[in-house]
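1. next comes the sequence, and after it the predicted model I'd like to discuss.
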Amino acid sequence: MPRSTTYRPSSRCARRYLSSISLVVWALMVPSLLADSERMEMIRHRAEECEKRGSWLDACRLYEELLRKDRNNAQARVCLQRCQRRLQVAVRAADPLHRQLLNRLSLSQALDAYDQVLVMVMAVHADRSRTDAATLFQQGLQEVRLALEEPLFRQQYLSDVPATALETFRQRLADWTLRRPANRSEAREQVRLAIRWAGRDGLLLRGPLASALVLEFAAGACAGLDEYSGFLSGSLAGRLRTVGIGVDLGIVEGRLLITRVYPRSAAAEAGLLRGDQIHRIGAELVGHLPVDMVADRLRGEPGSFVDVEIQRAGEPARRMIRLMRRAGEVASVEARGLVLEDGTPAGYLRIHQFQDSTLHEVQEALLTLMGMGTSIKGLILDLRGNPGGLFKSALAVAELFLTEGVIVISQSPHRDYNRTFRVESGGPVLLPLVVLIDGDTASSAEVLAGALKEARAARLPTRLLGQPSNGKGSVQCIIPMDRAPLEGQAAIRLTVARLLSPTSQPYNRRGVTPHLLSDREGDALVEEAAQQLLELIHPGTVPGLLPRPMPTMDGEM
């Protein structure tokens, strides 16, 4: 009986075969790589053109798009921070509440405010290498030079200053040669000297100009730290005390659109929808304004009213809708039941952001899903587009899905944040879990995603799906100014901690890479997640099964 044989190609044949495959794969990849490279170059060129025109908001969006494609693009990060600073200078100059604040400040009071900002930055910011007095003063110098170049700032405070005088002072700041300040007192004195030189060089220090220059020094001490830190005054600080109508806004193809309506909010009850275009707030046209400024106009005291003119896609007529601003947080969680193709019951849970109520909302949603007839056998957790939010809330939610181990490692000069956060009471959710993330999953949401990938996946069926997360591996706090002269009228936003994954991998500029990459978006990615979930519930299941909505039940959210 002939002996069976197995064909084994020679090593030379194998090498030729593999080389052929490599050439084919490379030939298929090259057009895609070239297209991506050309698109990146086009975006960079458009961003530079926006900078030349002074369109800081558009430039920021384009540089952010570059960074979403390549987090390690150091040049784009530097350009983004520069444009963010220019945008904030313009926002302060255009803000009537900021100007009112300046009108109330004497030079001495403004210098006191500068000193208070330095105290907070030196005590709290996570990167001590950037918080010495000399560095903070230099960052302030840069901010003042940016302000002197900004048309809105010049219009508000320097309209009667000769161009030659302005250029003389700008050059003096560029060539500042005094000894580097060694402490806060010396930094304050050098700011005072800079204001004195402004007067000598021909800047007329009448009205609020002197205070405006000093607060630009303070703003620069914050804004130069990183792209997430900044000085908040006027309308920006007012956000801490006012409420809105329950929408997120965005610019889509040049139009100001509602990108999300929060459940049970004033906007939801008034019938506003995602995709509605906003034209006016009150009598003011707002389509040309930055999103942050439009959001400020929607905010106000609880119980007050705001009129919003909207236009719905496909409808030629515009409508004016009156909404009442209300206190309290909008819902941060939505959930629904799914039935997988083989009849397996499952759940879908989306967390839009982390706030004080999120833990309770997640617990309520899970109880509802668990009580929907036959208990669910698996869960899709959607963190796409989640920008983060309250750090402690994300930690609490993480404990619901973990049994033990490290959640996150936090490094900070602040005692409360300089520690390893571990699971203290393991949660009850032991179900197979598919987690959806994308490039807009950031900060506290990355903490949760990273913990589920590194601490949960080793013990329980867990799979991350989508795109790498944002790479914002830090925690920010908003610290109100609580002493005169800025008490209740300003605040600073500072990075207080750097975050590492349970295995000590930095999140910053790296993010979380999912187990499975997917270019699908929207409901298409949820369908793919359902296929993966079925595979986790029943290993060996053939992919291709899609979810369908579970019949509506009384507890459905």
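-> Arrived safely. Computed from a prediction, not measured in an experiment: that's the story for all the values here. Residues are numbered from 1 along each chain as shown.

2. show me the contacts for residue 399.
-> Residue 399 makes contacts with 407, 423-427, as judged by CB atoms under 8 Å, 6 or more residues apart in numbering. In short, each C-beta sits where N, CA and C put it, glycine included.

3. ok so it is a helix residue?
-> Yes: counting by DSSP: H, G, I helix; E, B strand; the rest coil, residue 399 is part of a helix.

4. wait, residue 50 touches residue 62, no?
-> Yes: here residue 50 reaches residue 62: they are 6.4 Å apart, a contact under CB atoms under 8 Å.

5. between those two, tell me which one has more neighbours.
-> residue 62 (25 against 19; other CB atoms under 10 Å).

6. now the residue nearest to that one when sequence neighbours are not counted: phi and psi?
-> Counting by CB to CB, 6 or more residues apart in numbering, residue 62 lies nearest to residue 47, which is 3.7 Å off, once chain neighbours are set aside. The phi/psi pair for residue 47 (degrees, to the nearest 10) reads phi -60, psi -40.

7. picking up where we left off before, okay, the contacts of residue 399 in CSV with distance to residue 368 next?
-> Shown next, in CSV, are the contacts of residue 399 (distance: CB to CB, whole Å):
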residue, distance to residue 368
407, 25
423, 24
424, 26
425, 22
426, 22
427, 17
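
8. select from those residues every entry located in strands.
-> residue 407 (DSSP state E).

9. and the contacts of residue 399, which are buried?
-> Using 16 or more other CB atoms under 10 Å as the burial test, these include 407, 423, 427 as buried.

10. mind listing what the first one touches?
-> With contacts defined as CB under 8 Å, 6+ apart, residue 407 is in contact with 395, 398-399, 421-423, 447, 451, 455, 502.

11. the last one too?
-> By CB under 8 Å, 6+ apart, the residues touching residue 427 are 399-403.

12. from the residues you listed, which would you call buried?
-> Here, 16+ other CB under 10 Å leaves 399-403 buried among the contacts of residue 427.

13. pLDDT value on the residue nearest to residue 77 when sequence neighbours are not counted, please?
-> In space, and not counting its chain neighbours, residue 77 is closest to residue 67: 6.3 Å by CB to CB, 6+ apart. Residue 67 carries a pLDDT value of 86.

14. quick revisit: what two of the contacts of residue 427 are the furthest from one another?
-> 400 and 403 (10.6 Å; CB to CB).

15. residue 102 contacts residue 211, doesn't it?
-> Yes: judged on CB under 8 Å, residue 102 makes contact with residue 211 at a distance of 4.6 Å.

16. hang on, the residue nearest to residue 62 packs against residue 79?
-> Yes: Residue 47 is within contact range of residue 79, at 6.8 Å (criterion: CB under 8 Å).

17. between the two, which one's more packed in?
-> Comparing residue 47 with residue 79 by neighbour count (other CB under 10 Å), the higher total belongs to residue 47, at 24 against 21.

18. what's the per-residue pLDDT of the more buried one here?
-> pLDDT, residue 47: 93.

19. list the contacts of it.
-> Residues 58-59, 62-63, 66, 79 are the ones in contact with residue 47 under the rule CB under 8 Å, 6+ apart.

20. residue 428 too?
-> residue 400.

21. for it, give me the pLDDT.
-> 80.

22. from residue 367, how far off is it?
-> From residue 428 across to residue 367, the span is 10 Å (CB to CB, to the nearest Å).

23. contacting residues for the residue most central in space within the chain?
-> Closest residue to the average C-alpha location of the chain: residue 387 at 5.0 Å, with CA atoms, centre = their mean. Listed by CB under 8 Å, 6+ apart, the contact set of residue 387 reads 353, 440, 442-443, 445.

24. now with 10 Å?
-> Under the criterion of CB atoms under 10 Å, 6 or more residues apart in numbering, the contact list for residue 387 reads 248, 352-354, 440-445, 470, 472.

25. in strands, which of those appear?
-> residue 248.

26. thought residue 223 was touching residue 147?
-> No: using CB atoms under 10 Å, residue 223 is not in contact with residue 147, being 11.4 Å away.

27. what touches both of those two?
-> 85, 88-89, 216.

28. who wins for neighbours among the residues you listed?
-> residue 216 (29 neighbours).

29. closest one of the contacts of residue 427 to residue 295?
-> Of these, the one sitting nearest to residue 295 (CB to CB) turns out to be residue 400, at 31.3 Å.

30. gap between the residue nearest to the closest one when sequence neighbours are not counted and residue 469?
-> The shortest distance from residue 400 to any non-neighbouring residue, by CB to CB, 6+ apart, is to residue 427 (3.6 Å). As judged by CB to CB, residue 427 and residue 469 stand 22 Å apart.

31. got it, and residue 395?
-> On the measure of CB to CB, residue 395 and residue 469 end up 17 Å apart.

32. go on, residue 425?
-> 26 Å.

33. list the contacts for the closest residue to residue 233 other than its chain neighbours?
-> Distances taken as CB to CB, 6+ apart put residue 490 closest to residue 233, at 4.2 Å, once the chain neighbours are dropped. If you count contacts by CB under 10 Å, 6+ apart, residue 490 has them with 98, 101, 113, 116-117, 215, 218-219, 231-234, 236-237, 240, 480-481.

34. the residues you listed in helices, which ones?
-> Mapping the contacts of residue 490 onto helices (DSSP state H) picks out 98, 101, 113, 116-117, 215, 218-219, 236-237.

35. and those, which of them are buried?
-> Counted by 16+ other CB under 10 Å, these give 98, 101, 113, 116-117, 215, 218-219, 236-237 as buried.

36. low-confidence ranges in the stretch 451-557 of the chain?
-> 540-557 (pLDDT under 70).

37. swap in 90 and give it another go.
-> 457-458, 473, 477-478, 482-484, 487-489, 509-510, 521-522, 538-557 (pLDDT under 90).

38. which stretches of it form strands?
-> With DSSP state E, counting those that start in this stretch as the definition, the stretch 451-557 of the chain shows strands at residue ranges 462-466, 474-480, 490-500, 516-517, 548-549.

39. what's the answer for the stretch 201-350 of the chain, then?
-> 230-233, 247-252, 255-261, 277-281, 284-285, 305-311, 319-324, 333-339, 345-351.

40. can you tell me how far the residue nearest to residue 62 sits from residue 442?
-> Distance, residue 47 to residue 442, by CB to CB: 21 Å.

41. joint contacts of residue 47 and residue 79?
-> 59-60, 62-63, 66.

42. redo the contacts of residue 407 as TSV? Include distance to residue 527.
-> Putting the contacts of residue 407 into TSV (distance: CB to CB, whole Å) gives the following:
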residue	distance to residue 527
395	31
398	26
399	30
421	34
422	36
423	32
447	27
451	26
455	28
502	30
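
43. out of those, which is most surrounded?
-> That'd be residue 447 among the contacts of residue 407, by other CB under 10 Å, with 29 neighbours.

44. could you look up the SS state of that residue?
-> helix.

45. now do it, the pLDDT please.
-> In this prediction residue 447 is given a pLDDT of 97.

46. spit out the contact partners of it.
-> 354, 388, 391, 394-395, 397-398, 407-408, 410, 421, 473, 475, 499-502, 507, 512.

47. distance check, residue 460 against residue 37.
-> Residue 460 is 40 Å from residue 37, by CB to CB.

48. and what of residue 325?
-> From residue 325 to residue 37 the distance is 47 Å (CB to CB).

49. cool, residue 495 as well?
-> For residue 495, the distance to residue 37 - CB to CB - is 32 Å.

50. between the two, point out the one with more neighbours.
-> residue 495 (22 against 10).

51. contacts only, for that one.
-> 124-127, 130, 225-229, 412, 472, 474-477, 508.

52. one more time with 8 Å
-> Taking CB under 8 Å, 6+ apart, one finds 125-127, 225-226, 228-229, 474-476 in contact with residue 495.
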